[in-house]
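Novice: Pasted the sequence and its predicted model underneath.
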Amino acid sequence: MIVVNNASGGYDGTKKVNSVSFQAKKGKLTGIIGPNGSGKTTLVKMITGQLPCMEGSITIDGTAISDFSSKELAKIVAVLPQHGENSFDFSVQEVVALGRYPYYKGLLKRATSEDERVVRDVMNITGVAHLASQSIASLSGGERQRVLLAKALAQEPQLLLLDEPTNHLDLSYQVKLMDTLKERVQQHELTVVAILHDLNIASLYCDDILLLHEGKMMAHGTPSEMMQTQVLQDVYRTQLHVQGHPVEAKPLIALAPSTQQNVPNQHESVTMEQKGDHLCMQAPFLYKTLSSALIGEGFSWAHTFINRHVPKNYACSDAKQEFQDYIEQQRYSSDETVGMMTAAFIEDVGVASVNNVTAYVTAGVGNACDASRAWQQPTHAAPGTINMFLFIEGTLTDAAFLQAMMTATEAKSAALRDRGVRDEQAQTLATGTTTDCVSVAATQQGKTIHYAGTATALGKAIGKAVYEALTQSLAHYDQRVGTRS
Ligand SMILES: Nc1ncnc2c1ncn2[C@@H]1O[C@H](COP(=O)(O)OP(=O)(O)OP(=O)(O)O)[C@@H](O)[C@H]1O
């Protein structure tokens with residue numbers, strides 16, 4: 001374990017790192033982040049003993065750095081510097097083998113079979129084995145970085161210090177290198193301290209993160225603690241948008257340009273047109289959208305919203321792919337489209353606008369269902385669908401998006417109740433149908449709206465717009481069924 005205790009250091013008597021204290025533990029990856037010139041490299045140089053501490057102390061397993069001989073230090077500490085060292089015209093294998101030098105014994109200082117095994121292993125895990133006989137001078141920046149990491153690992157150090165290890169690496173090698181490191185850290189009880197500029201890499205791989213600013217330690221904590229903190233935004237003087245990572249329980253950090261480019265024209269509004277078997281609602285620019293739709297599920301940015309009529313007996317082993325193909329055939333871009341299907345007649349669409357909300361709703365209630373009794377019904381005869389598209393002017397928070405969905409759902413249930421739509425199997429009033437779908441799209445321009453519950457202006461508008469649009473659509477449906485029977 002490294003203990004940095006009130007350590008200060010710098011150059012020519014000027015402190016560039018001021019009273020920094022932290023511990024880097026065995027089996028943990030500690031990240032150092034901070035803006036350019038904040039003292040990260042200086043701190044790492046102090047830990048390797050390249051720069052003395054002007055004040056305070058740095059110890060490795062209880063022994064001060066200054067008390068180690070250079071040979072002892074070379075065995076236990078390995079460094080991957082920011083700017084790859086000049087290795088003349090050695091082959092890759094020779095460079096990696098240099099990492100074993102502190103272990104060579106005897107007057108002739110020859111490599112043993114154990115040294116050769118370690119060199120082979122680390123070349124394999126860093127993916128440079130195939131370059132073994134190539135000259136290091138002929139490698140790309142990324143390949144060279146991996147060779148130098150192999151050399152550092154060949155040293156089998158207790159402490160590995162890395163200065164921007166993912167510099168020069170393409171995405172796949174960034175992940176491979178960090179995965180390799182993480183595995184080594186856990187399996188070999190290695191202590192790793194890495195300077196990282198990429199906050200997402202730091203968030204994904206570090207156990208602890210240290211934030212430096214103008215030589216001082218501003219904060220120290222786990223990725224979740226660090227990425228939520230205002231101090232991070234203040235230090236980088238940049239607005240950060242932090243979300244949950246889609247597949248890892250880690251924060252994901254998104255940057256946004258500080259100057260708005262191509263400010264959309266808010267005066268244009270959403271248009272709706274029937275195009276053959278689908279309704280196309282076209283927004284004038286990309287709207288942030290939360291939806292349960294087959295295409296564009298979850299949060300996405302979309303300007304095209306498709307409500308496609310399909311026959312009642314529509315069946316497809318991969319409906320998503322089939323729908324995506326359909327969207328492409330219609331010459332829409334599937335990654336900016338929200339797409340829902342319905343067996344209901346799209347001509348029966350109900351449309352209602354209330355203040356900053358417009359709702360487009362189609363409804364088929366042939367399979368209306370009481371959600372509280374659905375568990376009693378093992379199967380449902382056929383899908384019946386209420387598709388709701390909501391368009392909102394305003395900047396919605398994620399909570400407001402979710403509340404908008406709740407409010408829309410409650411208004412839908414009320415509209416069904418008031419028209420006496422029943423769950424034929426349960427013999428109770430229906431709350432929806434079995435395959436309903438909803439999308440909430442917002443301009444994300446103008447005032448931030450934090451809530452969309454029924455106590456708020458937005459919630460009230462959503463409730464009324466959905467109720468009216470659905471009631472209209474049900475009336476059209478009743479007329480049509482009445483006309484037909
Ligand atoms: N050899 C040196 N002599 C004098 N000053 C130096 C020396 N090396 C760095 N500095 C200064 O020390 C301060 C901290 O530099 P350092 O390299 O530690 O920052 P850093 O956080 O690693 O920056 P970056 O993210 O740009 O790599 C800077 O003001 C820098 O100009």
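Specialist: Cool, got the structure. Source: prediction; values computed, not measured. Numbering: from 1, shown residues only.
Novice: what's the weakest-modelled helix or strand in the protein?
Specialist: When each helix and strand of the chain is scored by mean pLDDT, DSSP states H and E, helix 70-76 comes last, with a mean of 84.
Novice: pretty sure residue 299 is in a helix, no?
Specialist: No. Under the criterion used here (DSSP: H, G, I helix; E, B strand; the rest coil), residue 299 is strand, not part of a helix.
Novice: secondary structure element for the closest residue to it other than its chain neighbours?
Specialist: With sequence-adjacent residues excluded and distances taken as C-beta to C-beta, 6 or more residues apart in numbering, residue 299 is closest to residue 290, at 5.5 Å. Where C-beta positions appear, they are placed from N, C-alpha and C, glycine not excepted. Under the assignment given by DSSP states H and E, the secondary-structure element containing residue 290 is strand 278-291.
Novice: Strands along the stretch 1-150 of the chain, start to end?
Specialist: Assigned by DSSP state E, counting those that start in this stretch, the strands in the stretch 1-150 of the chain fall at 2-11, 14-24, 29-33, 55-60, 63-64, 77-80.
Novice: Buried deepest among these, which one?
Specialist: The highest mean neighbour count among the strands of the stretch 1-150 of the chain, using mean count of other C-beta atoms under 10 Å, belongs to strand 29-33: a mean of 26.
Novice: what's it packed up against?
Specialist: Contact here means 3 or more C-beta pairs under 8 Å, 6 or more residues apart in numbering; DSSP states H and E; on that basis strand 29-33 packs against helix 40-48, helix 171-187, strand 191-195, helix 199-205, strand 208-213.
Novice: hmm, back to that, in TSV, list the strands of the stretch 1-150 of the chain along with distance to the ligand and mean pLDDT.
Specialist: Written out in TSV, the entries for those read as follows (distance: least, C-beta to the nearest ligand atom, whole Å; pLDDT from 0 to 100):
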stretch	distance to the ligand	mean pLDDT
strand 2-11	4	96
strand 14-24	4	96
strand 29-33	8	97
strand 55-60	15	95
strand 63-64	22	93
strand 77-80	14	90
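Novice: for these, which one sits closest to residue 437?
Specialist: Evaluated over the strands of the stretch 1-150 of the chain, closeness to residue 437 peaks at strand 29-33, with 42.0 Å, by C-beta to C-beta.
Novice: Now residue 429. Its backbone dihedrals?
Specialist: Here the main-chain torsion angles of residue 429 (degrees, to the nearest 10) amount to phi -70, psi 140.
Novice: wait, what's in contact with it?
Specialist: Residue 429 makes contacts with 370, 416, 417, 420, 421, 422, 423, as judged by C-beta atoms under 8 Å, 6 or more residues apart in numbering.
Novice: who's in contact with the last one?
Specialist: For residue 423, the set of contacting residues under the criterion of C-beta under 8 Å, 6+ apart consists of 368, 369, 370, 373, 429, 430.
Novice: Can you select the buried ones from those residues in ChimeraX?
Specialist: This is how ChimeraX selects the buried members of those, with burial counted by 16 or more other C-beta atoms under 10 Å:
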select :368,369,370,429,430
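Novice: can you name the two of the contacts of residue 423 that are farthest apart?
Specialist: Maximum distance among the contacts of residue 423 (C-beta to C-beta): 11.4 Å, for 368 and 373.
Novice: Among the contacts of residue 423, name the ones in strands.
Specialist: Members of the contacts of residue 423 lying in strands (criterion: DSSP state E): 368, 369, 429.
Novice: now for the strand holding residue 290, which elements pack on it?
Specialist: strand 271-275, strand 298-309, strand 337-342, strand 357-363, strand 386-392, helix 398-418, strand 437-442.
Novice: Can you give me the buried ones in it?
Specialist: Using 16+ other C-beta under 10 Å as the burial criterion, the residues of strand 278-291 that qualify are 278, 279, 280, 281, 283, 286, 287, 288, 289, 290, 291.
Novice: Likewise for stretch 423-433?
Specialist: So, applying 16+ other C-beta under 10 Å, buried residues of stretch 423-433: 423, 425, 426, 429, 430, 431, 432, 433.
Novice: One more: stretch 334-351?
Specialist: Neighbour counts over stretch 334-351 (16+ other C-beta under 10 Å) mark 334, 336-346, 348-351 as buried.
Novice: got it, and stretch 65-79?
Specialist: Judged by neighbour count using 16+ other C-beta under 10 Å, the buried positions of stretch 65-79 are 65, 68, 73, 74, 75, 76, 77, 78, 79.
Novice: Residues in contact with it: which ones?
Specialist: Contact partners of stretch 65-79, identified using C-beta under 8 Å, 6+ apart, comprise 44, 46-49, 52-53, 58-60, 99, 101-103, 152-153, 155, 157-163.
Novice: Same question for stretch 225-234.
Specialist: Residues lying outside stretch 225-234 but in contact with it, judged by C-beta under 8 Å, 6+ apart, are 33, 199, 202-203, 209, 211, 218-221, 239-240, 242, 251, 253.
Novice: what does stretch 367-375 give?
Specialist: 377, 380-384, 416, 421-426, 428-435.
Novice: one more time with 10 Å
Specialist: Applying C-beta atoms under 10 Å, 6 or more residues apart in numbering, the set of residues contacting stretch 367-375 from outside is 343, 376-377, 380-386, 409, 413, 416, 421-436.
Novice: got the end-to-end distance for that stretch?
Specialist: 15 Å (C-alpha to C-alpha, to the nearest Å).
Novice: Which residue, other than its chain neighbours, is closest to the residue in the stretch 201-350 of the chain that the ligand sits nearest to?
Specialist: Distances from the stretch 201-350 of the chain to the ligand, computed as C-beta to the nearest ligand atom, single out residue 212 as the nearest residue at 6.4 Å. The shortest distance from residue 212 to any residue that is not its chain neighbour, by C-beta to C-beta, 6+ apart, is 3.6 Å, and that residue is residue 34.
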